[in-house]
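Peer 1: Sequence plus the predicted model coming up.
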Amino acid sequence: MAHPRGSRAPLEFGGPLGAAALMVLLPATMFHLLLVARSGPARLLGPPPYLPGPDVLWSPRVLLLWLTWLGLQAALYLLPARKVAEGLELKDKSRLRYPINGFQALVLTALLVGLAVSAGLPLGALPEMLVPLAFAATLTAFIFSFLLYLKALGVPPSALAPGGTSGNPIYDFFLGRELNPRICSFDFKYFCELRPGLIGWVLINLALLMQEAELRGSPSLAMWLVNGFQLLYVGDALWHEEAVLTTMDITHDGFGFMLAFGDLAWVPFTYSLQAQFLLHHPQPLGLPVASAICLINALGYYIFRRANSQKNTFRKNPSDPRVAGLETIPTATGRQLLVSGWWGMVRHPNYLGDLIMALAWSLPCGVSHLLPYFYFLYFTALLVHREARDEQQCLQKYGLAWQEYCRRVPYRILPYVY
Ligand SMILES: NC(=O)C1=CN([C@@H]2O[C@H](COP(=O)(O)OP(=O)(O)OC[C@H]3O[C@@H](n4cnc5c(N)ncnc54)[C@H](OP(=O)(O)O)[C@@H]3O)[C@@H](O)[C@H]2O)C=CC1
Ligand SMILES: CC(C)CCC[C@@H](C)[C@H]1CC=C2C3=C(CC[C@@]21C)[C@@]1(C)CC[C@H](O)C(C)(C)[C@@H]1CC3
């Protein structure tokens, strides 16, 4: 099989060695966090309280539960959608079509879970199953990525992702070879990016809240805040589902282990870390501090949403009155770059808003432990790295116009700092 960019394609993530290391380190980190969150000292950098044996990790009943969850989300994906959106133009000049029914899936899941709980489903038992559930999700991610790798061996070169075609099987398995793997109209990457993991994350949060209520009579204010903030984030992502079609995950990255594991395991089991921590380490939170944290989250959300919406509106229709007055730089591709408004302040205002929210999600957990700040630290590293990857891609796409943009807007994420 020919490799369109052959060995000249620059390798990311430290090449095959880096990819192999990440495939061990990421699951290990996830299990470490799950175990440490429930331990007394809850030390991010300390050893885990114990090493789980096969009897703790493996449960056929839990695997069945996990597969039922994936099946339910797949069924909701296949329901009629309020809209069908077109993705960006592909190498072969075609455009794929995507159902926009993620928010509908969230609401229907909430209804089904509500019905099941009122019929006696013990949702509060879910937190006890997090370790075997995470194991089932990790196993699924490995098997699924392997099947995706095999599937990609039979597709034409135009269907392959720009990265992930190095010829090194470990690297390509990690990054993903095929850009948009599908069976009929079912798009695996688009499905995984927004449904089972994101909705699973808020469901786990809810289960932790319910278990806290069972243990202590009512959920704590800190638990309410974490649940509320993260539900807003997930609800927003699904409400603006169409916007994900222009992210680098959909337009540039193949679907391999990185995204399969990230979407299916990493997001639900590590992004719910604050709620896991709060269940085992209740934190007192007064109304004045809670109000200040709400303001921080609102500020982050405002920047995140306005910046993302401004770019999406501009990309859809530059003459839209909401963006028509903004200053722009023309590029050789015919597209323009915004150089005023949110995108004139820093080159990634949406990352800034996202990071402010990440901080607000950790603050309800107090300052006695570093563990609940893991998400903020990891997310800073992820976005700094992602920003560098995006800059590289934009430089390739827009050349001199991008350099001009960087000159006019010198800061990347945080004005006057970075
Ligand atoms: N919670 C999580 O774990 C994660 C959240 N995110 C969030 O996802 C969202 C999307 O992030 P991501 O896909 O990385 O990147 P962006 O939404 O920032 O998109 C980057 C793209 O925007 C376009 N662009 C850049 N600058 C300009 C400009 N000045 N004017 C017009 N267009 C411009 C370019 O694409 P083009 O010109 O081709 O349109 C560029 O490739 C962010 O809010 C991020 O915070 C991301 C990763 C993980
Ligand atoms: C496991 C590794 C460390 C890397 C995995 C990264 C993934 C977890 C993230 C890559 C891009 C993501 C996005 C979101 C969730 C995390 C992953 C999958 C996103 C769906 C979160 C909600 C946002 O509103 C969004 C803009 C829709 C996000 C898109 C990117």
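Peer 2: Done, it's in. Numbering: from 1, shown residues only. Ligands and ions are numbered 1, 2, ... in the order given.
Peer 1: so where's the stretch 1-150 of the chain uncertain?
Peer 2: The stretch 1-150 of the chain contains residues with pLDDT under 70 at 1-9.
Peer 1: Could you find the residue in it that comes nearest to ligand 1?
Peer 2: With C-beta to the nearest ligand atom, the shortest gap between the stretch 1-150 of the chain and ligand 1 falls at Leu88, namely 7.9 Å. (Glycine included, C-beta is placed from N, CA and C.)
Peer 1: Now do the contacts for the closest residue to Ile296 other than its chain neighbours.
Peer 2: With C-beta to C-beta, 6 or more residues apart in numbering as the measure, Ala360 is the residue that lies nearest to Ile296, at 4.3 Å, once sequence neighbours are left out. Shown in contact with Ala360 (C-beta atoms under 8 Å, 6 or more residues apart in numbering): Phe229, Ile293, Cys294, Ile296, Asn297, Gly300.
Peer 1: Restricted to helices, list those residues.
Peer 2: Secondary structure from DSSP state H places Phe229, Ile293, Cys294, Ile296, Asn297, Gly300 of the contacts of Ala360 in helices.
Peer 1: hang on, the earlier thing: next, give phi and psi for the residue nearest to Ile296.
Peer 2: According to degrees, to the nearest 10, the main-chain angles of Ala360 amount to phi -60, psi -30.
Peer 1: just Ile183 next, same as before
Peer 2: According to degrees, to the nearest 10, Ile183 has phi -120, psi 120.
Peer 1: ok, of the contacts of Ala360, which come out buried?
Peer 2: The neighbour count (16 or more other C-beta atoms under 10 Å) marks Phe229, Ile293, Ile296, Asn297, Gly300 as buried among the contacts of Ala360.
Peer 1: what's around Arg389, how many residues?
Peer 2: The local packing of Arg389 (other C-beta atoms under 10 Å) involves 15 other residues.
Peer 1: right, and it touches Phe13 too?
Peer 2: No: at 9.6 Å, Arg389 and Phe13 do not qualify as touching, with contact defined as C-beta atoms under 8 Å.
Peer 1: Pull up the residues of the stretch 101-250 of the chain that are close to ligand 2.
Peer 2: Applying C-beta under 6 Å from any ligand atom, one finds that the stretch 101-250 of the chain approaches ligand 2 through Glu193, Leu194, Asp236, Ala237, Val244, Thr247, Asp249.
Peer 1: In JSON lines, list these along with secondary structure, neighbour count and pLDDT.
Peer 2: Below are these laid out as JSON lines (DSSP: H, G, I helix; E, B strand; the rest coil; neighbours: other C-beta atoms under 10 Å; pLDDT from 0 to 100):
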{"residue": "Glu193", "secondary structure": "helix", "neighbour count": "24", "pLDDT": "95"}
{"residue": "Leu194", "secondary structure": "helix", "neighbour count": "23", "pLDDT": "93"}
{"residue": "Asp236", "secondary structure": "helix", "neighbour count": "15", "pLDDT": "97"}
{"residue": "Ala237", "secondary structure": "helix", "neighbour count": "17", "pLDDT": "97"}
{"residue": "Val244", "secondary structure": "helix", "neighbour count": "20", "pLDDT": "92"}
{"residue": "Thr247", "secondary structure": "coil", "neighbour count": "14", "pLDDT": "90"}
{"residue": "Asp249", "secondary structure": "helix", "neighbour count": "20", "pLDDT": "92"}
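Peer 1: quick one: which of the residues you listed is nearest to Leu65?
Peer 2: Closest approach to Leu65 among these (C-beta to C-beta): Leu194, at 21.0 Å.
Peer 1: Quickly note the distance from the closest one to ligand 1.
Peer 2: Relative to ligand 1, Leu194 is positioned 11 Å away (C-beta to the nearest ligand atom, to the nearest Å).
Peer 1: How about that residue: what's its closest non-neighbour residue?
Peer 2: Gly102 (5.1 Å).
Peer 1: Likewise for Gly163?
Peer 2: Counting by C-beta to C-beta, 6+ apart, the residue nearest Gly163 is Leu175, at 5.0 Å.
Peer 1: need the contact list for the one you found.
Peer 2: Taking C-beta under 8 Å, 6+ apart, one finds Glu12, Phe13, Ala19, Ala161, Gly163, Gly164, Asp253, Gly254, Gly256, Met258 in contact with Leu175.
Peer 1: Drop anything exposed from those residues.
Peer 2: Glu12, Phe13, Ala19, Ala161, Gly163, Gly164, Asp253, Gly254, Gly256, Met258.
Peer 1: that's a helix at the second one, yeah?
Peer 2: No: read with DSSP: H, G, I helix; E, B strand; the rest coil, Phe13 is coil and lies in no helix.
Peer 1: any idea how far Ala265 is from it?
Peer 2: Plainly put, Phe13 is 18 Å away from Ala265 if you go by C-beta to C-beta, to the nearest Å.
Peer 1: re earlier: nearest to ligand 2, of the buried ones among the contacts of Leu175?
Peer 2: Checking those against ligand 2 with C-beta to the nearest ligand atom, the nearest one is Met258 at 5.5 Å.
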